[in-house]
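Chemist: what would the 3D arrangement of this be:
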Amino acid sequence: MDADSGRAVFEISDASNGRFSPDGHLLAYDEHKSGEVYITSFPGQGAHFAVSSGGGGAARWRADGQELFYVSDDLAVVSLQVRESANEFRVVTSQRLFRLQLPYNDREYDVTRDGKRLLVNARTLKEQSAPVTVVTHWPEVVQGGVVNEDHPH
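Modeler: From the prediction side, this is the model:
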């Protein structure tokens, strides 16, 4: 109990990205020490256990609380079909859905309420970049007024 407010204090050390289940009875979070996604009951300091295997993070719940998504360390989005009862929480099935294609898209995604669609950054065409023009002796070019792209200096 917090002495000032009289409210229950819930603390998990070395964790981030906490997400409450839709009914508010469970908390999914990333544990830094193990590198796994954990589930624990809320409120209270009940048992916690890893639901990812081989590393993961960024848990997202489907709106009915029957499915939990996370991103594995190799950037695969994983779907867990889950069941919760008054006495237990269990993972029924685990399925790798797809791998995120952009390395800088580390765990940036979201899930629709029904869990049927996910929003992720994706590459749609081969990367094309604009040509780069390198101007040498640029002080002379600036004095002359205009860069001639056919005859760069």
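Chemist: so H32 sits against Y38, correct?
Modeler: No. Assessed by Cβ atoms under 8 Å, H32 is found out of contact with Y38, at 10.8 Å. Where you see a C-beta, it was placed from the backbone N, CA and C, and this is true even at glycine.
Chemist: overlap in contacts of these two?
Modeler: Overlap of the contact sets of H32 and Y38 (by Cβ atoms under 8 Å, 6 or more residues apart in numbering) consists of A15.
Chemist: which of the two has more neighbours?
Modeler: The neighbour comparison of H32 against Y38 (other Cβ atoms under 10 Å) goes to Y38, with 20 against 12.
Chemist: for S53, give me its contacts.
Modeler: By Cβ under 8 Å, 6+ apart, the neighbours of S53 are E36, S94.
Chemist: what helix or strand is it located in?
Modeler: Under the criterion of DSSP states H and E, S53 resides outside all helices and strands.
Chemist: what's the answer for K116, then?
Modeler: Here K116 is assigned to no helix or strand, by DSSP H and E.
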